[in-house]
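Enquirer: pasting the sequence and the predicted model now:
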There are 2 protein chains.
Amino acid sequence: MALKYDIFANFNEKEKRKVLSILGAKELFYKKGQTITYALKNRFLIGIIVSGEAKMIRYDYTGERTIVEEMVTGDIFSDMFVSNHASELAVIATKDANVIFISYDILIKKCETSQYALMILDNLFNVMSKKIIKRSERIELLTARSIRNKLLAYFELEAKKNNSKSFNLNYSYTDLADYLAIDRSAMMRELKNLKEDRLIKDVNKKITLLF
Amino acid sequence: MALKYDIFANFNEKEKRKVLSILGAKELFYKKGQTITYALKNRFLIGIIVSGEAKMIRYDYTGERTIVEEMVTGDIFSDMFVSNHASELAVIATKDANVIFISYDILIKKCETSQYALMILDNLFNVMSKKIIKRSERIELLTARSIRNKLLAYFELEAKKNNSKSFNLNYSYTDLADYLAIDRSAMMRELKNLKEDRLIKDVNKKITLLF
DNA sequence: TATTGTCTGTTGCAATTGCAACATTTTTAC
DNA sequence: GTAAAAATGTTGCAATTGCAACAGACAATA
């Protein structure tokens, strides 16, 4: 599953090591809780999470923290994908993490001579497409005009992804409320309403659509 | 302004014609109101709006229409940037439009032999980065927890983009309410409150932050 | 220029939502 | 294995929001 959109898709270990050396890539290790400043301070650098987890966090003008993006193995992040005008951002390792940094500029240049570099660029395109799609999906959910509609939209999307009326919630309810930008307790109340109205069934985090 | 992120940035007319021929690109003309089906039915095809305007529209299961994206000259669209699981989409020309279609597959292949193709790919990455950033910005606004905060977040972002406390609203209030996914009349009320609280000044669509 | 349609601005009222404050259960960390 | 922390589940109440329904301004167009 991760494979299809992985930046190293279609590479075996040997080829991967080779292309990283061609690109002059750096691999750095971060302990849980550490801030990954490297990529965000260097425009045209792309960070690839090869193990562990990290979160991108925004500090708004009031000092409040919001999670912009939760990143797992295979995800990438870069200053190139961040608005110059947005509030301060930081990437923090939420588990011990290994991160590979490659330079976009070098990547483009090496494409002239290296088939491998071009393959990486191709994979990068897929990963970026995925990012666009993920954000579009979230916007679709966030523009629904009530908690009920947000939940239903989210459930329907998950159901479609699973080709089934049933699926397992892979968020905690607390995180789901955050993702949908709604109050958790109000969401729980609406979830109860949806169950009472027999629109969904919820057997310990396995949701089934009844319509 | 458009130049920096344009897919033909750094190309002159002659080079542009040359690369389009290398890539076997097609240019099609659409009259205002026509549906552009070409790209959305052909995965791996990228549509570039070279003149005119178009809107990407979603039809949800109730048959309701929502504007997903408004596209102007220089914007690109592709099935590759659209979730397989989303509701039905259509791209409709909102003004007479010329659209160039290039195949992603061919583009990647030609990069091995053509410096121009690689330049197009490079530009494509910039355009995609811009797409990611635009969506991130909208998500930032949509996750604000009240109408007041949504408005303030939007105004601050616009102010930052203009490097000034003042800027002209380039949305109608009706459209802004849509963009922020809030009720228009409730937004107008809150706008009035913001003015009364002396947080903003609004002299016929020119907003000034007073903080 | 008359007319039609869209946009702005306003308000009362009802419905939805967020907040605060709990008890309980589950998970995580030592 | 126990303590601490996080997540779930619930509710009353107040604040915010959406809805409906206007009137007037402005724009488009025939």
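Expert: That came through fine. Residues are numbered from 1 along each chain as shown, chains lettered A, B, ... in the order given.

Enquirer: interface residues of chain A facing chain B?
Expert: Neighbours of chain B within chain A, by C-beta under 8 Å from any C-beta of the partner chain: A:58, A:61, A:66, A:68, A:80-83, A:85-86, A:104, A:108, A:111-112, A:115, A:118, A:121-122, A:124-125, A:128-129, A:131-133, A:135-140, A:142-145, A:156-157, A:160-161, A:181. In this view, the C-beta of every residue, glycine as well, is placed from N, C-alpha and C.

Enquirer: switch the cut-off to 6 Å
Expert: A:80-81, A:83, A:85, A:108, A:111, A:118, A:122, A:128-129, A:131-133, A:135, A:137-139, A:142-143, A:157, A:160-161, A:181 (C-beta under 6 Å from any C-beta of the partner chain).

Enquirer: among these, the buried ones, what's the PyMOL command?
Expert: To isolate the buried members of those in PyMOL, using 16 or more other C-beta atoms under 10 Å in any protein chain shown:
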select buried, chain A and resi 80+81+83+108+111+118+122+128+129+131+132+133+135+137+138+139+142+143+157+181
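
Enquirer: which of the residues of chain A next to chain B fall within helices?
Expert: A:108, A:118, A:122, A:128-129, A:131-133, A:135, A:137-139, A:142, A:157, A:160-161 (DSSP state H).

Enquirer: state the next helix or strand along the chain beyond the least confident helix or strand in chain A by mean pLDDT.
Expert: Every helix and strand in chain A was compared by mean pLDDT, DSSP states H and E; the lowest is helix A:2-5, with a mean of 46. Downstream of helix A:2-5, the next assigned helix or strand under DSSP states H and E is helix A:13-22.

Enquirer: number of residues surrounding the nearest residue to A:L209 once chain neighbours are set aside?
Expert: Distances taken as C-beta to C-beta, 6 or more residues apart in numbering or on different chains place A:K165 nearest to A:L209, at 4.5 Å, with adjacent residues excluded. Using other C-beta atoms under 10 Å in any protein chain shown, A:K165 has 15 neighbouring residues.

Enquirer: now do the contacts for A:K165.
Expert: Residues counted as contacts of A:K165 (C-beta atoms under 6 Å, 6 or more residues apart in numbering or on different chains) are A:159, A:208-209.

Enquirer: what does chain A have sitting close to DNA strand C?
Expert: Within chain A, the positions near DNA strand C by C-beta under 7 Å from any atom of the strand are A:145-148, A:181-183, A:185-187, A:189-190.

Enquirer: those: which two are farthest apart?
Expert: Maximum pairwise distance among the residues of chain A next to DNA strand C (C-beta to C-beta): 19.6 Å, between A:R145 and A:S185.

Enquirer: just the buried ones from the residues of chain A next to DNA strand C?
Expert: Neighbour counting over these (16+ other C-beta under 10 Å) leaves A:147-148, A:181-182, A:187, A:190 as the buried ones.

Enquirer: reformat those as JSON lines; add pLDDT.
Expert: Listed next are these as JSON lines, based on pLDDT from 0 to 100:
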{"residue": "A:I147", "pLDDT": "96"}
{"residue": "A:R148", "pLDDT": "96"}
{"residue": "A:A181", "pLDDT": "94"}
{"residue": "A:I182", "pLDDT": "96"}
{"residue": "A:M187", "pLDDT": "97"}
{"residue": "A:E190", "pLDDT": "96"}
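
Enquirer: from those residues, which is closest to A:E53?
Expert: A:E53 lies nearest to A:A181 out of those, by C-beta to C-beta, at 22.0 Å.

Enquirer: which phi and psi does that closest one have?
Expert: Here is the backbone geometry of A:A181 (degrees, to the nearest 10): phi 60, psi 50.

Enquirer: go on, the one 5 residues further on?
Expert: When quoted as degrees, to the nearest 10, the phi and psi of A:A186 stand at phi -70, psi -40.

Enquirer: how about it, what does it touch?
Expert: A:I147.

Enquirer: show me where chain A has strands.
Expert: Counting by DSSP state E, chain A has these strands, from start to end: A:26-30, A:35-36, A:45-51, A:54-59, A:65-71, A:76-78, A:88-93, A:97-103, A:166-168, A:200-203, A:206-209.

Enquirer: just the ones you listed: most buried one?
Expert: Mean neighbours per residue, mean count of other C-beta atoms under 10 Å in any protein chain shown, is largest over the strands of chain A for strand A:76-78, with a mean of 23.

Enquirer: quick one: strands adjacent to it?
Expert: Here strand A:76-78 has these sheet partners by DSSP bridges: strand A:45-51 (antiparallel).

Enquirer: shaky segments in chain A?
Expert: Across chain A, residues meeting the criterion (pLDDT under 70) sit at A:1-5, A:38-42, A:59-65, A:87.

Enquirer: if you set the cut-off to 50 instead, what comes out?
Expert: A:1-4 (pLDDT under 50).

Enquirer: how many neighbours does the nearest residue to A:T174 once chain neighbours are set aside have?
Expert: Ranked by C-beta to C-beta, 6+ apart and with sequence neighbours excluded, the top spatial neighbour of A:T174 is A:R184, at 5.8 Å. By other C-beta under 10 Å, 15 other residues sit near A:R184.

Enquirer: touching, A:R184 and A:A177? I think so.
Expert: Yes: assessed by C-beta atoms under 6 Å, A:R184 is found in contact with A:A177 at 4.0 Å.

Enquirer: okay, and the beta partners of A:L28?
Expert: Beta-bridge partners recorded for A:L28 (DSSP bridges): A:V99.

Enquirer: need the contact list for A:E158.
Expert: A:F167.

Enquirer: look up how far DNA strand D lies from it.
Expert: 15 Å (C-beta to the nearest atom of the strand, to the nearest Å).

Enquirer: repeat for A:K160
Expert: With distances taken as C-beta to the nearest atom of the strand, A:K160 is found 23 Å from DNA strand D.

Enquirer: if we ignore the residues flanking it in sequence, what's nearest that residue?
Expert: The shortest distance from A:K160 to any non-neighbouring residue, by C-beta to C-beta, 6+ apart, is to B:H85 (4.0 Å).

Enquirer: rewinding a little: among the residues of chain A next to DNA strand C, which ones are in helices?
Expert: Using DSSP H, those in helices are A:147-148, A:185-187, A:189-190.

Enquirer: A:F77 reaches A:G47, doesn't it?
Expert: Yes: between A:F77 and A:G47 there is a contact at 4.9 Å, judged by C-beta under 6 Å.

Enquirer: need the residues of chain A near DNA strand D, please.
Expert: Near DNA strand D, when you scan chain A using C-beta under 7 Å from any atom of the strand, you find A:145, A:172-175, A:184-185, A:188-189, A:192.
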